[in-house]
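>>> Give me coordinates for this.
(2 chains)
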Amino acid sequence: MSRIAGCFADLKAQGRTALLPFITAGDPHPDLTVGFMHDLVEAGADIIELGVPFSDPMADGPVIQRASERALEHHVSLRDVFGMVEAFRQTNDHTPVILMGYLNPIEVMGYEAFARSAAKAGVDGALTVDVPPEESHGLVRALRAEALDAVFLAAPTSHRRRLEMIADAASGFVYYVSLKGVTGSANLVLEEVAAKLKEIRDVTDMPLGVGFGIKDASMAAAMAKIADAVVVGSALVSRIEANISKPDKIGAELKQLLQEMRTAMDAV
Amino acid sequence: MEKNESFMNMPDERGHFGPYGGIFVAETLMEALQELRQAYEKYLADPDFLAELDADLQHYVGRPSPIYHAQRLSRENGGAQIYLKREDLNHTGAHKVNNTIGQALLAKRMGKRRIIAETGAGQHGVATATVAARLGLECVVYMGEVDVARQEANVYRMRLLGAEVRPVSSGSRTLKDALNEAMRDWVATVDDTFYIIGTVAGPHPYPAMVRDFQTIIGREARQQIQDMSGGLPDALVACVGGGSNAIGLFHPFLEDEGVAIYGVEAAGDGLETGHHAAPLCAGSPGVLHGNRTYLMEDKDGQIIETHSISAGLDYPGVGPEHAWLKDMGRANYVAIDDQEALAAFHLLTRTEGIIPALESSHAVAYALQLAATMNPDQKVLVNLSGRGDKDMHTVAAIEGIEI
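Take a look at the predicted model:
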């Protein structure tokens, strides 16, 4: 069983929902990322989503765009990200890590080389936001060959035929984009999310994560009732951004927000 | 024959030109692209739609645009005869309107009430704002802050036409970032919004659809040059940023084996300096803005900033069909630097009384070099994709003149 599948199985046995924080690798400085990952685990993270910075993050809102820009000021590359995961793994071998990003850095490295290096570093899966199932064949094959999970997005606009394609291509879990828009947007409607999750459950038994637009503990708790995993990204990255001049405080800020979410979710 | 047929039948049904093209976007846009593909396939075979498009191209745009034998320029340069396809005479001053008319009519048929677009120099933004005004559609144009500052006149034109211009402050604050921002808008507004992409890039069906709206250039020119000179040209030359005017000229000639094809990229300060916008000449394949193509990128796969004197060529990618034509060897891609383009700008202006856009000046500059190596009984057909009015400030500034 993969680390991701094992994680979801354990949580299910405990009747709990997974909490997936997202931060961008190298934001605001490459030396801080591994420490933040440990902080997030301490505050209740079940799986960590680590953003790979890209110059043109088309699917991201301004908060995560700026995080990418801050990381790229330090020229953070895929190889650097592998190094961070490797360092994290020295003292943590149980928390799954998923890389989230765009295809081009992977394309330039080569799919096989990417999968091999990722697996070696201790990465558990990859979510490439600009690769729909139709274009995913080569990448998914390379990931599978290294026993890595390929996580795919499902959207409010995905009809049943697409949901089936997504379920076929995906492993680990399916990441439902809870609203039409970029990361960090507003206007999340709980009833609509619940209805769509039900549709997705018709085509797959995989765990379902929900993300895009989950800003605080009460929203996380509401999502925890209907999803198997709650993803929080822009809200955390905003805390990083707000404390750039005081980097020593960032870890505590991240922990505080995540702990609030954890507590609220576990009370559901 | 098989090879020739495949030139005309591309892309495949999922938008691939060999390894290039395709659909690389977030899941939220997949249904919208499917809907667009179906509408485009339906209406491009619909006689009513085509009749409306033809009527607009004739009465609103002013088509057919003439071809012109630049005799004085040819004589002064020596070698082959240079012919110009006068897209600069179109309404709004460039080839861009051929495509925005087509896509806006499609938007109307699809019941979309709001149009968005990205723009670099502002030509595509103006062409989009123009057709939106005519059809009474809401229009938002994304434009990088850097471009807003250096293309003030076009920003004002768009606002006069009723469009909202939204400056983009992310990334390098130029065309590629405007495209990112338009995509972000579209993801959130996909139900009622039509995204008019201005070039033959982006996810399928855009590269094929924009090409199909622009091939009017090549279809007219292929007939016109035969009527005027009694035969096909020996060579075609067009500038390539995203590559829409070039593919519009080239496509109807792809099966004509005797016609050599040259796409001209912007060499900026020179290819050797790294400050240029020539992904086909000096870049490598990658994935950006929804398709796989040649890109300007670093060793980590990050997109790098481009440079060209002409804002319309200042883009790090290129249409996937050009990438494929390069690999197949059917078209040649070359580069012209800022100084060469400026010299051609002045030469055409003074010998023929035609002021070309700086983009088109790149094509003219290469055509002059090419023609000089050919015989006087040979013909080079150049796509004069736009007129130079918009570039007065840029050229004057280089000469130290304040307008």
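
>>> Contacts only, for B:S170.
If a contact means CB atoms under 8 Å, 6 or more residues apart in numbering or on different chains, then B:S170 has A:P62, A:Q65, A:R66, A:E69, B:D177, B:N180, B:E181 as its contacts. In this view, the C-beta of every residue, glycine as well, is placed from N, C-alpha and C.

>>> Which member of those residues is positioned nearest B:R63?
Within these, proximity to B:R63 (CB to CB) peaks at B:E181, which comes in at 32.0 Å.

>>> ok, the closest one touching B:V165?
No - using CB atoms under 8 Å, B:E181 and B:V165 do not qualify as a contacting pair, with a distance of 11.8 Å.

>>> Now list whatever residues contact both of the two.
Contact criterion CB under 8 Å, 6+ apart; no residue bridges B:E181 and B:V165 by contacting each.

>>> next one: the helix ranked longest in chain A to chain centre, how far?
Assignment by DSSP state H gives helix A:247-266 as the longest helix of chain A. Offset of helix A:247-266 from its chain centre (CA atoms, centre = their mean, to the nearest Å): 17 Å.

>>> ok, and what's touching it?
Where contact means CB under 8 Å, 6+ apart, the residues beyond helix A:247-266 that reach it are A:16-17, A:19, A:21, A:23, A:28-29, A:32, A:35-36, A:39-40, A:42-45, A:216-218, A:220-221, A:224, A:230, A:232, A:235-236, A:239-240, A:242-243.

>>> let's see it at 6 Å
Contacts of helix A:247-266 with the rest of the structure, by CB atoms under 6 Å, 6 or more residues apart in numbering or on different chains, involve A:17, A:19, A:21, A:39-40, A:43-44, A:217, A:220-221, A:224, A:236, A:239-240, A:243.

>>> what about A:L11, neighbour count?
The local packing count at A:L11 equals 18, with neighbours defined by other CB atoms under 10 Å in any protein chain shown.

>>> same thing with the one 10 residues further on?
Using other CB under 10 Å, A:P21 has 28 other residues around it.

>>> how close does it sit to A:L254?
Computed with CB to CB, to the nearest Å, the distance linking A:P21 and A:L254 is 8 Å.

>>> Also A:I4?
Where A:L254 is concerned, A:I4 sits at a distance of 22 Å (CB to CB).

>>> anything in contact with each of A:P21 and A:L254?
Shared contacts of A:P21 and A:L254, defined by CB under 6 Å, 6+ apart, comprise A:L236.

>>> in what helix or strand does residue 141 lie?
Going with chain A. Here A:R141 is covered by helix A:137-145, with elements defined by DSSP states H and E.

>>> my bad, the chain I had in mind was chain B
In this assignment (DSSP H and E), B:V141 forms part of strand B:138-144.

>>> wait, does that strand contact chain A?
No - in terms of CB under 6 Å from any CB of the partner chain, no part of strand B:138-144 sits within range of chain A; the closest distance is 12.4 Å.

>>> got a list of contacts for that strand?
Under the criterion CB under 6 Å, 6+ apart, residues B:114-119, B:125, B:129, B:132, B:158, B:163-166, B:168, B:173-174, B:177-178, B:181-182 lie in contact with strand B:138-144.

>>> run the last query once more with 7 Å
Where contact means CB atoms under 7 Å, 6 or more residues apart in numbering or on different chains, the residues beyond strand B:138-144 that reach it are B:113-119, B:122, B:125, B:128-129, B:132, B:158, B:162-168, B:173-175, B:177-178, B:181-182, B:185.

>>> out of those residues, which are inside helices?
Short answer: the contacts of strand B:138-144 in helices (DSSP H) are B:G125, B:T128, B:A129, B:A132, B:M158, B:L175, B:D177, B:A178, B:E181, B:A182, B:D185.

>>> tell me the pLDDT at whatever residue of the stretch 51-200 of chain B ends up closest to chain A?
Nearest to chain A, among the residues of the stretch 51-200 of chain B, is B:A188, at 3.8 Å (CB to the nearest CB). The confidence metric pLDDT takes the value 88 at B:A188.

>>> any chance of the contacts of B:S170 in JSON lines, with neighbour count, pLDDT and distance to B:C281 too?
Supplementary listing: those in JSON lines, determined by neighbours: other CB atoms under 10 Å in any protein chain shown; pLDDT from 0 to 100; distance: CB to CB, whole Å:
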{"residue": "A:P62", "neighbour count": "16", "pLDDT": "90", "distance to B:C281": "34"}
{"residue": "A:Q65", "neighbour count": "27", "pLDDT": "94", "distance to B:C281": "30"}
{"residue": "A:R66", "neighbour count": "21", "pLDDT": "95", "distance to B:C281": "33"}
{"residue": "A:E69", "neighbour count": "16", "pLDDT": "96", "distance to B:C281": "28"}
{"residue": "B:D177", "neighbour count": "25", "pLDDT": "92", "distance to B:C281": "23"}
{"residue": "B:N180", "neighbour count": "26", "pLDDT": "92", "distance to B:C281": "24"}
{"residue": "B:E181", "neighbour count": "26", "pLDDT": "94", "distance to B:C281": "28"}
